[in-house]
Structure formats: structure tokens, C-alpha cells
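S.K.: Predicted model follows, preceded by the sequence.
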Amino acid sequence: MFRVILLFSILSGSLLSSAQNNWPQYLGPDRNATIKNVSIAESWPDAGPKKLWSIPLGSGYGGASIYENEVFVLDRIVGQADVLRCLDLNSGEEKWTYQYEAPGELPYPGSRTVPTVDENYIWMVGPHGHMNCIDKKTLRPIWSKNIHTIYDAQMPNWGISQSPLLYKNLVIVAPQGSKAGCVAFNKTTGEVVWESRALTGYTFYVSPTVATIGGIDQVIMTSPYSKEDSTKIQEVVAFNAQTGKELWTYKGLKSFATITPPTIIGDNKVFLTDCSYNDKYAPVSVLIEINKTENGFQVNEIFKTEEAGCKMHPPVFRNNYLYLNSNGRPNQMVCMSLTGELQWEKGSAPEFEMGAVIQIGDYIVNQNGKNGAIHLIKPSPDGYKELAKAELFNSTKSQAWAPMAFANGKLIVRDMEQMICVDLQNP
């Protein structure tokens, strides 16, 4: 019995260590901008945490993924090609690259998305719709396709932005075309496993999210309405993750130009947030509850508020409170309860513009989307509690909008010109 317990402890520790040391996709291990059971320092030197390395990148917004001490980022040579770069997490040394031609350019040129990685492969989607599955051994694609052209999708103003979602033996993306809204491919062959119906909104920048609700794994996708085309109607919709069958829809978000994916809370709640470009910023946040019934699923709206909304990145959830960078009214970081009330008074927290926020163990790291500075925060509904701040960039360009990544004690951040790695465990 002792040997069995010991073996279980070793295996459990090994699995936990693996989870702690990887940030294998957009928004981290569980796709919720959170990594648990890790410790980081609760203070930084005046100069900020130790900078381990930095590398120049082409303009863009594509964040990093981290797997087994390797960093993966999809870079872009403006007007010419997409470049997958593999870097050593500890040194920043470039280990290898894979480049393919992708001519042409769009407004706000550059990379868009985060690669998804496991022990054998890397999946990525470029801003012109090129999707590749790269074999880590050969450093070549084992399958490739263009999800923009195959599914007859309208090219958004600023290109395609899809961070692939792994689910069992599937890789799922949302081309949002007239032929299919979401699509699941066999992750190693590229064969189509299921295609959902077309979405009611127009092609934009939300990536799919997976959740288990009522015992059924489901892919949740937000599709925004169009101001120019009245036939494009907003919806939040869930499909069975194994079959693509539609499970439920919600049409009360009323969002335009949605980028922020849904946030899953508990067993059956979904938080939706946006801040749309209309005549002025119009923030909105909604919490819905999904209940399984004899006839399927029922959607109940718990609250809707226009007091805060996040345009670019999802919030983090901790101890029944949501922490997000609101854009609009107010234009600051906020703490929101599950009743929709703001816990902090307006103006009591800094403005982070469209920067990303992630939760690492007991702390929050928030990046200012305008100047790239990072802030260490102790989450509390009692008020904004900043522990440390670091100015990392001296950029001539603003818009540090890329998602952050954290693994093995190291934080990866970028702006429009470079990517930087800092040590948060030994600052």
C-alpha cells in the first residue's frame, strides 16, 4: 500500500510540475488567464524584476506559448511571410524557425495570435488564415490549410485572429465563414471531424472556449453584430465539443467588434464582456447561467451592466470576484462581484488601457497596454492593492496588447518591437 501511495504521489507531483511549467496556449493551461499552485515573489526591486533576455520582433500582437522550456511565437515579416520562432525560455536563444509565404498586408500589420503546443506538435493560424500543424521532430508541417478561403469567410479589417483550441484528439478554430462558424479537425491529420452551422454575426477576432456544463463538453463562441449589415446579428452560441451539434444560444450581449472570449465560472456560469466602438466607448458585461433540462439547456441572465466592460482581454476570476481592465466608463482596472456591482470606486485604480491581465498563484500581473509597464497586484475586493511596478520598454510605439505568458517562474511580455522575459520567482 505504501508503494502504491508513493507512486501516486510521484505521478501526481510530476503532472502538477508539468502543468506549472507550461503555458501551452492562448490564456494558459486552462484557457482562463490563470495558473494555480505556483509561487512568485511578493515584491520587486525598484528597477523591477530581473530581465533575463529580450529579442526584437516584427510589429504585431501575437503572444507567446511556453512548453517544456521552449517559447513559441508567431512573428511576421510585414507584407511577405509568417514566421514561427522557437526560443529557449532560459536564454532567449532562437533554436529554430519555420517560415511560409503569406503576401499582402492589412491595417495594423503584424502577427495576431498565440500558437497552441503539446509534446509533439504546434498548431497556429496566421493573419491571412493559413493554419499549420508543425511536427516538432521534422520542423515541417504535417498538414496545412487556409481556413479563411475554405470556409468562405469575410476578411476582417485587421486580418484573421484565431488561437487554436485543443480538445482530446481535436483542434478547434472558428473561421466564422458562410460554410461553417466553428470547425473541429483531427489534430494530427487535419481531417474534418465536424463543422458547425454558420454564425449569425460577422467575422471577427474571438477564439473559441471550451467548458463542461451539465456533463457535456461544449465549445462556446461569441459572434458580434454589424453596424453596416443588419443581417449580421450578435449571438453567443455553444456546440457539442465532440459532434458540433448546437446546444444553446444567448442574444443579449449586443456587442460589436468583440475580441474578448467568454470566461467560464464554476459549473454553469459564463461571463461575457466587451467595449464596442460606436459613437463612443460603450462598455457592457453580462453573467449568464446555463442549466440542463429534460429538453436541452436553458439560459438565464443573472446580470447585465454598462458600468464596465473589457475590449481586448478576459478578466481573471478569484474568490467570487472578477478583475478586469475596463475600457470606457470607467477606463481603469475594476473588481466586479457576481451580482454585477463594482467593488472599487471609479478612479481608485490606474488606467491600463487595453493591456492583458493574468493570475499567477495568489497574485495578479497587469500590463499597461499603452506603455507596456507591468504591475504586481494583490487581488482584493476591498480596494486596488499594488505591490510593485516595472517599466520594461522604451518603445517608440504604443499598443502593448499581446497576451502574456508565464511558466517556470518566468513571465513573457511584448510590445510592438520586442519580447522580454523577466524572472518573477527570483526578481
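M.R.: Received, thanks. Numbering: from 1, shown residues only.
S.K.: Dihedrals phi and psi, Ile150?
M.R.: The phi and psi values for Ile150, taken as degrees, to the nearest 10, are phi -60, psi -40.
S.K.: For the remainder of this discussion, apply numbering that starts at 30.
M.R.: Sure thing, new numbering starts at 30, so read that last one as Ile179.
S.K.: contacting residues around it?
M.R.: With contact set as C-beta atoms under 8 Å, 6 or more residues apart in numbering, Ile179 has these partners: Pro204, Gly206, Lys208. Bear in mind the C-beta positions are built from the backbone N, C-alpha and C, glycine included.
S.K.: for Val265, which residues make a bridge with it?
M.R.: Beta bridges link Val265 to Thr251, Tyr279, judged by DSSP bridges.
S.K.: what about it, how many neighbours?
M.R.: Other residues near Val265 come to 25 when the count uses other C-beta atoms under 10 Å.
S.K.: separation between it and Arg226?
M.R.: The spacing between Val265 and Arg226, counted by C-beta to C-beta, to the nearest Å, is 14 Å.
S.K.: I'd assumed Met383 was in a helix, is it?
M.R.: No. Assessed with DSSP: H, G, I helix; E, B strand; the rest coil, Met383 is coil; it does not lie in a helix.
S.K.: Can you flag the buried ones in the contacts of Ile179?
M.R.: Burial by neighbour count, judged by 16 or more other C-beta atoms under 10 Å, picks out Pro204, Gly206 from those.
S.K.: can you give me the strands for the stretch 80-229 of the chain?
M.R.: Along the stretch 80-229 of the chain, counting by DSSP state E, counting those that start in this stretch, strands occupy 80-85, 93-96, 99-106, 110-117, 123-130, 145-146, 150-154, 159-164, 169-175, 194-196, 199-202, 212-215, 221-224.
S.K.: Show me the beta-bridge partners of Ala417.
M.R.: In this entry, Ala417 is beta-bridged to Leu405, by DSSP bridges.
S.K.: Specify which residues of the chain, grouped into ranges, have pLDDT under the cut-off.
M.R.: Filtered on pLDDT under 70, the chain yields the residue ranges 30-49, 306-310, 425-427.
S.K.: Please identify which of the strands of the stretch 80-229 of the chain is closest to Gln428.
M.R.: Smallest distance to Gln428 across the strands of the stretch 80-229 of the chain (C-beta to C-beta): 14.8 Å, for strand 99-106.
S.K.: burial measure for Asn455, as a count.
M.R.: Neighbour tally, Asn455, other C-beta under 10 Å: 10.
S.K.: Equivalent analysis for Gly139, please.
M.R.: The number of residues packed near Gly139 is 22, by other C-beta under 10 Å.
S.K.: Then Pro132?
M.R.: 8.
S.K.: Could you do Glu257 as well?
M.R.: 6.
S.K.: Ok, His177 next?
M.R.: Residues lying near His177 (other C-beta under 10 Å) number 25.
S.K.: ok so, going back, any chance of the contacts of Ile179 in a markdown table, plus distance to Lys283?
M.R.: Formatted as a markdown table, the contacts of Ile179 follow (distance: C-beta to C-beta, whole Å):
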| residue | distance to Lys283 |
| --- | --- |
| Pro204 | 24 |
| Gly206 | 23 |
| Lys208 | 26 |
